[in-house]
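Peer 1: turn this into a structure:
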Amino acid sequence: MSRLILVTGAAGLLGRFVVDELLAHGYAVRGLDRHPGQAPIEWHVADVTDPEALRKAAAGAGAVLHIAAVPNIWSGDGQTIMRVNTLGTYTVLEAAEAAGIGRVVFCSSDSVVGYTVREGRMLPPRYAPVDLEHPLNATDPYAISKVLGEDLCRAFALRGMSVVAMRTVFVAYPEMAGEIAARAKDPDRYRGPAVGGPSSAGGGPLHHHIDPRDLARAFRLALELDMTPGAFERFFLSARVTLSPEPTLDRLRRLHGDAVEIRDPEIFARNPFAPLYDLTHAAERLGFVAQYDQRHLIADHLPHAP
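Peer 2: Numbering: from 1, shown residues only. Next up is the predicted model:
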């Protein structure tokens with residue numbers, strides 16, 4: 001495989017971390033975005049839905065990390081989200097296949113499960129921890145676009161490409177620190193962005209998060225994962241603890257009573273703030289365990305804090 005990697009959305013909040021991770025590990029990087037970033041790489045300035053631009057950007061690349069997207073339901077209306085995220089993913093996959101690229105890593109989302117934003121008529125999970133067999137109950141445009149994106153990835157895998165879908169939770173970028181602290185200070189009345197962050201503090205009702213350094217490493221591991229042609233893999237990615245002020249099971253019970261079946265209570269006994277998602281597959285197959293978390297940002301607002 002060529003060491004030249006095409007990264008879509010390379011100038012964005014996540015893309016910049018992924019580019020730095022790849023460069024630090026000896027890869028050559030080509031970035032595609034609507035504007036060039038600061039990294040000293042080859043830049044293609046274009047929209048991810050432009051087939052000709054994607055054809056040029058994919059030429060000679062060994063793999064594609066597809067990150068470009070409307071990042072949440074507050075960043076565009078439904079029509080825009082579906083066009084950019086769904087058509088954009090198809091355009092990337094089509095260009096990769098035409099260029100003979102054998103590996104695509106797709107930035108999906110835990111929102112495919114359907115438990116992230118109330119604005120989308122959010123549905124509680126059927127059981128916890130949520131594994132890869134859990135139904136996908138997406139209802140909002142962003143989440144639906146990621147389900148469709150995974151379906152497109154699976155379809156191109158059936159055509160012979162190896163594809164990885166990265167179901168990441170809310171990414172706690174440095175720019176989000178103030179929003180995370182503001183939510184922790186007054187979680188019931190928080191409505192963001194409240195202190196100048198790029199968006200509201202996210203992570204769904206359980207306040208999931210992942211550090212962008214960890215997520216960038218996970219993307220590199222997916223790029224390097226040993227896969228056969230035609231394979232399609234999915235991974236839930238999260239920090240090992242949530243940013244919730246309450247332990248995970250306490251919060252689930254308060255929000256949903258006994259509606260959520262707890263299939264492995266020992267996980268939450270060992271780690272009361274463990275995420276909703278089963279991270280075992282990511283640890284065993286991808287070799288990924290998060291190294292960072294941001295609970296220090298909320299420490300001053302927890303009940304036990306001095």
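Peer 1: so what's the residue nearest in space to the middle of the chain bridging to?
Peer 2: Compute the mean C-alpha point of the chain, and by Cα atoms, centre = their mean the closest residue is T168, 2.8 Å away. Beta bridges link T168 to S109, L237 when assigned by DSSP bridges.
Peer 1: doesn't F106 make contact with it?
Peer 2: No. Counting by Cβ atoms under 8 Å, T168 sits too far from F106 to count as a contact (10.7 Å). Yep, even glycine has a C-beta here, placed from its N, CA and C like the rest.
Peer 1: would you map the helices across the stretch 1-150 of the chain?
Peer 2: For the stretch 1-150 of the chain, the helices defined by DSSP state H, counting those that start in this stretch cover 15-24, 51-58, 78-81, 88-98, 141-158.
Peer 1: if we can go back for a sec, which ones are touching the residue nearest to the centre of the chain?
Peer 2: Residues counted as contacts of T168 (Cβ atoms under 8 Å, 6 or more residues apart in numbering) are C107, S108, S109, D110, I210, L215, A218, L237, S238.
Peer 1: nearest to Q38, of those residues?
Peer 2: L215 (19.1 Å; Cβ to Cβ).
Peer 1: could you look up the SS state of that closest one?
Peer 2: helix (DSSP: H, G, I helix; E, B strand; the rest coil).
Peer 1: contacting residues around it?
Peer 2: L14, F17, V18, M166, T168, V171, L237.
Peer 1: and it, how far is that from T49?
Peer 2: 24 Å (Cβ to Cβ, to the nearest Å).
Peer 1: hmm, back to that, and the helices of the stretch 1-150 of the chain: which comes nearest P125?
Peer 2: helix 141-158 (13.5 Å).
Peer 1: hey, C-alpha coordinates of the closest one in CSV?
Peer 2: Provided in CSV are the C-alpha atoms of helix 141-158 (Å, rounded to 0.1, in the frame of the first residue of the first chain):
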residue,chain,number,x,y,z
PRO,A,141,-30.8,13.7,10.1
TYR,A,142,-27.2,13.5,11.2
ALA,A,143,-27.6,10.1,12.8
ILE,A,144,-29.5,8.8,9.7
SER,A,145,-26.7,10.1,7.5
LYS,A,146,-24.2,8.0,9.4
VAL,A,147,-26.4,4.9,9.2
LEU,A,148,-26.6,5.4,5.4
GLY,A,149,-22.9,6.1,5.3
GLU,A,150,-22.2,2.7,7.0
ASP,A,151,-24.6,1.1,4.5
LEU,A,152,-22.6,2.6,1.6
CYS,A,153,-19.3,1.4,3.2
ARG,A,154,-20.7,-2.1,3.5
ALA,A,155,-21.8,-2.0,-0.1
PHE,A,156,-18.4,-1.0,-1.4
ALA,A,157,-16.8,-3.7,0.8
LEU,A,158,-19.0,-6.2,-1.0
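Peer 1: what helices or strands is that helix leaning on?
Peer 2: helix 78-81, helix 88-98, strand 103-109, strand 162-168, strand 232-237 (3 or more Cβ pairs under 8 Å, 6 or more residues apart in numbering; DSSP states H and E).
Peer 1: quick one: that helix to chain centroid distance?
Peer 2: Distance of helix 141-158 from the chain centroid (Cα atoms, centre = their mean, to the nearest Å) equals 13 Å.
Peer 1: list the buried residues for that helix?
Peer 2: In terms of neighbour count (16 or more other Cβ atoms under 10 Å), helix 141-158 has its buried residues at 141-150, 152-153, 156-157.
Peer 1: ok, so of those residues, who is nearest Y115?
Peer 2: The closest of the buried residues of helix 141-158, once distances to Y115 are taken by Cβ to Cβ, is A143, at 9.3 Å.
Peer 1: does the closest one touch Y115 like I think?
Peer 2: No. Using Cβ under 8 Å, A143 is not in contact with Y115, being 9.3 Å away.
Peer 1: save the contacts of T168 as TSV, and put in pLDDT and distance to V289 too.
Peer 2: Converted to TSV, these look like this (pLDDT from 0 to 100; distance: Cβ to Cβ, whole Å):
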residue	pLDDT	distance to V289
C107	98	19
S108	98	19
S109	98	20
D110	98	17
I210	98	12
L215	98	13
A218	98	10
L237	98	10
S238	98	10
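Peer 1: where exactly do the strands run in the stretch 201-306 of the chain?
Peer 2: Along the stretch 201-306 of the chain, the stretches classed as strands by DSSP state E, counting those that start in this stretch are 232-237, 261-262.
Peer 1: quick one, which of these is packed in tightest?
Peer 2: Neighbour counts (mean count of other Cβ atoms under 10 Å) averaged over each of these peak at strand 232-237, with a mean of 22.
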